[in-house]
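# whatever this is, show me its structure:
(one chain, ligands or ions: 1)
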Amino acid sequence: MIDYNKLRVRIRLDNLRHNYRLFTKIHDNVIPVIKSDAYGHGLVEVASALEKDGATTFAVGFVHEAAKLREAGCDKRIMALLGPISDEDIQSLWDHRIITPISHFTQLKRVLAAAGKNGPLDIGLKFDTGMRRLGFLPEEADEVAALLKGGPVTPVMATSHLARADEPGQEKDVALQAGRFQAALDGLARAGFSVEANLANSAGGMVHDNCRLDSMRLGISLYGCDPLEGAGEERLPGKLLPAMEVTAPVMQVHPLKRGESISYGWTFTAERDSVVAIVGVGYADNYSRALSNKGEMVLHGRRVPIRGRVCMQMTAVDVTGLMGEGIEVLPGDEAWLLGGPGERPVTPEELAEWGGTITYEAFCLLGQNRREYV
Ligand SMILES: *Cc1c(COP(=O)(O)O)cnc(C)c1O
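The predicted structure follows:
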């Protein structure tokens, strides 16, 4: 957690819960994905909030994230998407009752060996249907099933991940992966294993009906974003609401006369007499330097553009327009980097676009600042 700055990240748990409930209306079994500190929204806080709406399974990344959630008092099913890496992780599967997809033979054999000492265990199986990151190949399903047959380790879930679910017009590639996944499921079924199958992420769950299966893993849309830029939201019974807002204080306000330049490299020169506000946020706060001369903030309900380079802990914005309307900007005023009052709050999509990235990264990075919950 970054604690040397004046940033405030506000998490609106009510909006997050609203987004979750939208998905529970179109899917029977929605697994919230709360890896990487719930995409910067807070692992334990988000899990506790969603428990109130009936979430019965949570997905995190590494096994120790799952253990942390268990130790915080969560008694629901916890799934660690990335699987066990160390002996400690493997032991943790029993100690913390964690279900994790096993993705290769070396790992499977280590888990089977540990079962000799620890007793029965339910696991998931991850199949690589095209991401080429983790997972057994679908054609290995029979061999995997043979290793597990009659033993103490039982596959109760099968999972795979889509590479192009969020790209319009890529139905063919999605169907290709869905077909490969079905082949793996068939292999497990032939061996007599009945598993909960999940393939869809947010985008898959919204628009790819062939990926519905038994459960879906809901990540980015839980946090208010439509990875399909509106085409996904259309399929939901309501609007997604952003859950993260970020502010920083104005430190100083002063004129920037016509012809004067500002910040490192003098990359911006005023074409007219202007007024700038210096806001106490910079790249040390995970507010990207790529926003230099590109991004915007909200001050007193109005958009203000960034002028010059974003520095380590300071960023200048042009407030000439506000001053012209008689709105006085003063040191101590709150500037909104994300969200904000007025007609045009800064959206996660805009912030990501200006910074040359995606909403996922914007959330993970800004969420590392001090958070408060409203
Ligand atoms: C992160 C992740 C998800 C969630 O994806 P979104 O696009 O955020 O909905 C689902 N499944 C796996 C395996 C993931 O790693």
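
# which regions of the stretch 1-150 of the chain lie under the pLDDT threshold?
For the stretch 1-150 of the chain, no stretch has pLDDT under 70.

# in it, what residue comes closest to the ligand?
Closest contact between the stretch 1-150 of the chain and the ligand, by CB to the nearest ligand atom, is at Val33 (4.1 Å). Heads up, the C-betas are built off the backbone N, CA and C, glycines and all.

# tell me the domain ranges of the protein?
For the chain, automatic domain parsing gives the domain ranges 13-231, 244-346.

# residue of the protein closest to the ligand, please.
Residue of the chain nearest the ligand, by CB to the nearest ligand atom: Gly219 (2.2 Å).

# next up, the contacts around the residue lying closest to that residue once chain neighbours are set aside.
Leaving out its chain neighbours, the residue that sits closest to Gly219 by CB to CB, 6 or more residues apart in numbering is Val33, at 3.8 Å. By CB atoms under 8 Å, 6 or more residues apart in numbering, the residues touching Val33 are Ala59, Val60, Leu81, Asn201, Arg217, Leu218, Gly219, Leu222.

# please name the bridge partners of Val33.
Here Val33 shows beta-bridge partners Ala59, assigned using DSSP bridges.

# pLDDT at the residue nearest to Glu171 when sequence neighbours are not counted, what is it?
Nearest residue to Glu171 in three dimensions, chain neighbours excluded: His208, at 7.3 Å (CB to CB, 6+ apart). We have a pLDDT of 94 for His208.

# who touches His208 in this structure?
By CB under 8 Å, 6+ apart, the residues touching His208 are Leu162, Ala165, Glu171, Val174, Ala178, Ala200.

# contact residues of this protein facing the ligand?
Applying CB under 6 Å from any ligand atom, we find that the chain lies next to the ligand at Val33, Lys35, Leu81, His161, Asn201, Ser202, Ala203, Arg217, Leu218, Gly219, Ile220, Pro227.

# does the residue lying closest to Asp333 once chain neighbours are set aside sit in a helix, a strand or a coil?
Closest residue to Asp333 apart from its sequence neighbours, by CB to CB, 6+ apart: Val250 at 4.4 Å. Of the three states, Val250 takes strand under DSSP: H, G, I helix; E, B strand; the rest coil.

# give the contact list for Val250.
Contacts of Val250 (CB under 8 Å, 6+ apart): Ala277, Ile278, Val279, Gly280, Leu299, Val329, Leu330, Pro331, Gly332, Asp333, Glu334, Ala335.

# which one (most neighbours) among those?
Highest neighbour count within the contacts of Val250: Val279, with 29 neighbours (other CB atoms under 10 Å).

# tell me the spacing between that one and Leu218.
According to CB to CB, to the nearest Å, Val279 stands 34 Å off from Leu218.

# give me the below-cutoff pLDDT ranges for the stretch 251-374 of the chain.
In the prediction, the stretch 251-374 of the chain carries no residues with pLDDT under 70.

# mind listing the helices for it?
320-324, 348-354, 359-366 (DSSP state H, counting those that start in this stretch).

# how far away from the center of its chain is the shortest one?
For helix 320-324, the distance between its averaged C-alpha position and the chain's averaged C-alpha position is 36 Å (CA atoms, centre = their mean, to the nearest Å).

# which other helices and strands contact that helix?
Of the remaining helices and strands, those touching helix 320-324 by 3 or more CB pairs under 8 Å, 6 or more residues apart in numbering; DSSP states H and E are strand 274-279, strand 302-307.

# repeat that for the longest one.
Taking 3+ CB pairs under 8 Å, 6+ apart as contact, the helices and strands that helix 359-366 lies on are helix 35-40, strand 244-256, strand 334-338, helix 348-354.

# Asp142 is nearest to which of these?
Proximity to Asp142 (CB to CB) singles out helix 35-40 among the helices and strands packed on helix 359-366, at 30.6 Å.

# buried ones in that closest one?
For helix 35-40, a neighbour-count test (16 or more other CB atoms under 10 Å) marks Lys35, Ser36, Asp37, Ala38, Tyr39, Gly40 as buried.

# what are the ranges of the helices in the stretch 51-200 of the chain?
Residue ranges of the helices in the stretch 51-200 of the chain, as given by DSSP H, counting those that start in this stretch, are 63-71, 87-95, 105-118, 141-148, 171-190.

# what's the most buried one of these?
With neighbours taken as mean count of other CB atoms under 10 Å, the helices of the stretch 51-200 of the chain reach their highest mean count in helix 63-71, at a mean of 21.

# report the separation between the residue nearest to Asp333 and Met157.
For Val250, the distance to Met157 (CB to CB) stands at 50 Å.

# and for Asp37?
Applying CB to CB, the value for Asp37 to Met157 is 24 Å.

# please apply the same query to Tyr4.
Taking CB to CB as the measure, Tyr4 and Met157 are separated by 42 Å.

# with Gly282 instead?
In this view, Gly282 and Met157 are 43 Å apart by CB to CB.

# repeat for Glu88
Using CB to CB, Glu88 is found at 22 Å from Met157.

# now do Ile90
As judged by CB to CB, Ile90 and Met157 stand 17 Å apart.
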